[in-house]
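Trainee: no FASTA, just this:
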């Protein structure tokens, strides 16, 4: 498929194609559970896909900026992935082997260890889990509890670690409290109302206080889990200095540090693993999504000193997914050999600049943030009074901010309208954040400059459409009037 075709929205198909498309959607609605999510906001029926392009049953084409929620590092049906899968199928190798050793698994582990942070690669063990990131989180909790003899887990507000009971308990939307919750630093909606280095320092001090105060109500924990960039929490990169501080705090108190790299790994943030931006080496890394090359695979990698659990302490029937291991090996090697992490850093920085220019034109775009090709635009109500730290009263500390820096209330309905308008223009985006008000961009690492420009143009058009006559437009800074070109730096 030519690049020019891959960035064109495409026209609807024949009447028969549209009828088939609508029939499939009707049957899905009638048969599938009320828990379905993506299908509600994205009423499409994919039938073909290549790279960043999806073609629906109705003949329309879309640029996919969801990428399987970060799973498709190389986009859909990349040739190296398909070749690796075919090679296993044609070889006669078993497709299901539980946790037995195979040449396919050996090649995957060798390639995986070649990519790990240097402080971990030389003394690591790997545990294959059930084929989803949430099971790997459960495995990490089981591991550190066995190694430390303790039970509690430290986690952070806004976190997302999965949907099984232990992983959900450590996530920001937990229905009850079984995990000690700590503040995660962020600039736009700082929990202390100050943002920046001061806000991150206060968050670190709070963590130290909770751990060192004998009356804090938090006993010595088995581990701390964090995301180097909170994805579902609203695309919130952890400040590098704060992450190094968490490493010191946990190391000084013999608390294993668990880095959840399920969505941030394999080059997504501009480094192969997101912890590498800060130079931190965690004790445990939770890996899934992109490591399977589009197929289900999840592992934890950890310091060998923690390897204290008994045989069968964490098992699962589908730990031996040979096709996923082969696809994962090909993906890891391709990202490494073609320096796609560095490409993600450069292109992501360019896209971030363009998104900030767009936000400079629209007061309904409250904040733009991200790292590499993990980007988010927070949609807010430009007519509502400013808030601080999620509250409707402005603290004295926050009052020191300039008025334009004070956050506005989240606008989830407006964000959903942006998502719908993007889809109408042939662009698939996801929403996230506390109130589902953050438009998230997760393009494949193979996205071209031309495709990136098309993503930015379509998003800009969608924002224009929902902001009416653009009476909410902010004045642009001098020298930027009328400059919203996706190619300008």
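Mentor: That came in fine, so what should we check first? Here the structure is a predicted model, which means the values were calculated and not measured. Residues are numbered from 1 along each chain as shown.

Trainee: just give me the neighbour total for residue 27.
Mentor: 10 (other CB atoms under 10 Å). In this view, the C-beta of every residue, glycine as well, is placed from N, C-alpha and C.

Trainee: count the neighbours of residue 42 for me.
Mentor: For residue 42, using other CB under 10 Å, the count is 18.

Trainee: that one reaches residue 428, doesn't it?
Mentor: Yes. Applying CB atoms under 8 Å, one finds residue 42 in contact with residue 428, separated by 6.2 Å.

Trainee: give me the common contacts of those two.
Mentor: residue 66 (CB atoms under 8 Å, 6 or more residues apart in numbering).

Trainee: what segments of the stretch 51-200 of the chain are strands?
Mentor: For the stretch 51-200 of the chain, applying DSSP state E, counting those that start in this stretch gives strands covering 53-56, 61-64, 124-128, 153-156, 180-182.

Trainee: most tightly surrounded among these?
Mentor: When you average the neighbours per residue for each of the strands of the stretch 51-200 of the chain (mean count of other CB atoms under 10 Å), strand 153-156 leads with a mean of 26.

Trainee: and the longest helix anywhere in the chain, what does it pack onto?
Mentor: Longest helix in the chain by number of residues, with DSSP state H as the criterion: helix 340-361. Under the contact definition 3 or more CB pairs under 8 Å, 6 or more residues apart in numbering; DSSP states H and E, helix 340-361 sits against strand 365-371, strand 374-379, helix 449-466.

Trainee: residue ranges with poor pLDDT in the stretch 251-400 of the chain?
Mentor: Along the stretch 251-400 of the chain, the model assigns pLDDT under 70 to residues 388-400.

Trainee: again, 80 this time
Mentor: Residues of the stretch 251-400 of the chain meeting the criterion pLDDT under 80: 387-400.

Trainee: swap in the stretch 1-150 of the chain?
Mentor: Judged by pLDDT under 80, the stretches of the stretch 1-150 of the chain that qualify are 1-14.

Trainee: ok, 70 please
Mentor: Checking the stretch 1-150 of the chain against pLDDT under 70 turns up 1-13.

Trainee: all helices of it, in order?
Mentor: Secondary structure of the stretch 1-150 of the chain (DSSP state H, counting those that start in this stretch): helices located at 3-6, 15-31, 38-41, 67-70, 79-91, 103-115, 118-121, 133-148.

Trainee: just those helices: most buried one?
Mentor: helix 133-148 (a mean of 24).

Trainee: quick one: it to chain centroid distance?
Mentor: 20 Å (CA atoms, centre = their mean, to the nearest Å).

Trainee: cool, and stretch 353-367?
Mentor: 21 Å.

Trainee: residues in contact with residue 132?
Mentor: Residues near residue 132 by CB under 8 Å, 6+ apart: 162, 288, 296, 298.

Trainee: now the nearest residue to the first one once chain neighbours are set aside: how far from residue 286?
Mentor: Which is residue 162. Counting by CB to CB, 6 or more residues apart in numbering, residue 162 lies nearest to residue 134, which is 2.5 Å off, once chain neighbours are set aside. According to CB to CB, to the nearest Å, residue 134 stands 9 Å off from residue 286.
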